[in-house]
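Enquirer: 3D model of this:
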Amino acid sequence: MARVLIVDDDPAILEILGAYLRAEGHTVLEARDGLQARALLESADVAVLDWMLPGLSGLELAAEARRRYPQLPLLMLSARGEESDKLRGLDTGADDYVTKPFGPREVVARVRALLRRAGRSDEVVSGGLRLDNRTRRATLEGRELQLSRLEFDLLRTLAQHPGLVWTRDHLLERVWGPDYPGVERVVDVHLGALRRKLGDDPEHPRFIETVRGVGYRFREDP
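Expert: As a prediction, the model looks like this:
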């Protein structure tokens, strides 16, 4: 069982999420603004943050939490449901993102998944694919894949967030860095090489799908 920090300025959300999380056996910490939440981050095992908060926004709080407590799992709540908003929240430091309105059971399940993932944060496992972040080794059904540094980082970025569509610009920023002077085409080139090493057919992909006119996503059920 964990100490779950819920940060939201809506008393109804605090009440209902708190009730469901306590029913799971968790200890619940509550804050109604970002400044109050800042003081509680150190005591939390996982934090659920609303995007729009008085005092200090959820994005600002997530960025600060990621700097001060890099291993703390963060779940962002927001009424902003566009893919660009989700990517912004993840880029800021959130590990997961739930769009309002939501069911409390979904949030509890996401918290459970984040806590489970934190217990094995050194690995990403999906559909026979295993990525070890400590050794930077990738294996597919027991066979080691010979990936470059960029290919490993690209695959890890996609695999950590299955179902989320990443634009080429966001992949450039996340994998190559915000100051990289290259063009979007470099993402396609590296994705092509990565797919060949995975044995992934672009027309019938097992792992990485192309979203026409937008970018790429990792399949939720590889």
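
Enquirer: if we go by neighbour counts, what in stretch 55-64 is buried?
Expert: Across stretch 55-64, burial judged by 16 or more other C-beta atoms under 10 Å covers Leu56, Ser57, Gly58, Leu59, Leu61, Ala62, Ala63, Glu64. The C-beta positions use only the backbone N, C-alpha and C, and glycine is treated the same way.

Enquirer: whoops, stretch 176-192 was the one
Expert: Within stretch 176-192, the residues scored as buried using 16+ other C-beta under 10 Å are Trp176, Val186, Val187, His190, Leu191.

Enquirer: distance from stretch 144-155 to the middle of the chain?
Expert: How far stretch 144-155 lies from its chain's middle: 19 Å, per C-alpha atoms, centre = their mean, to the nearest Å.

Enquirer: ditto for stretch 63-83
Expert: That offset, for stretch 63-83, works out to 8 Å (C-alpha atoms, centre = their mean).

Enquirer: need the residue closest to the centroid of this protein.
Expert: Residue closest to the mean C-alpha point of the chain, counted by C-alpha atoms, centre = their mean, is Asp95 at 3.2 Å.

Enquirer: how about that residue, what does it touch?
Expert: Going by C-beta atoms under 8 Å, 6 or more residues apart in numbering, Asp95 touches Pro73, Leu74, Leu75, Leu114, Arg117.

Enquirer: swap in Gly55?
Expert: Applying C-beta under 8 Å, 6+ apart to Gly55 gives the contacts Asp33, Gly34, Leu35, Gln36.

Enquirer: hmm, back to that, please report how far the residue nearest to the centre of the chain lies from Gly128.
Expert: 23 Å (C-beta to C-beta, to the nearest Å).

Enquirer: which non-adjacent residue is nearest Gly18?
Expert: Nearest non-adjacent residue to Gly18, counting by C-beta to C-beta, 6 or more residues apart in numbering: Val28, 4.5 Å away.

Enquirer: for the one you found, list each beta-bridge partner.
Expert: Val4 (DSSP bridges).

Enquirer: tell me the pLDDT of it.
Expert: pLDDT, Val28: 94.

Enquirer: now swap in Ala65 and tell me
Expert: pLDDT recorded at Ala65 is 89.

Enquirer: related to what we said a few turns ago, just the contacts of Gly55 now: which is nearest Gly89?
Expert: Gly34 (14.5 Å; C-beta to C-beta).

Enquirer: partners of the lowest-mean-pLDDT helix or strand in the chain, with directions?
Expert: Counting by mean pLDDT, DSSP states H and E, the chain has its least confident helix or strand at strand 123-126, which shows a mean of 76. When pairing is defined by DSSP bridges, strand 123-126 lines up against strand 129-132 (antiparallel).

Enquirer: what residue spans form the domains of this protein?
Expert: 3-118, 123-218 (the TED database).

Enquirer: which of the ones you listed sits most buried?
Expert: Compared across the domains of the chain, domain 3-118 shows the largest average neighbour count, a mean of 18 (mean count of other C-beta atoms under 10 Å).

Enquirer: so where's this protein uncertain?
Expert: Across the chain, the ranges flagged by pLDDT under 70 are 118-122, 178-179, 222.

Enquirer: go again using 80 as the cut-off
Expert: Where the chain drops to pLDDT under 80, the residues are 1, 80-83, 85-86, 89, 116-125, 133-134, 174, 177-184, 221-222.

Enquirer: so where's the longest helix in the protein?
Expert: Among the segments of the chain that qualify as a helix by DSSP state H, the longest is helix 104-119.
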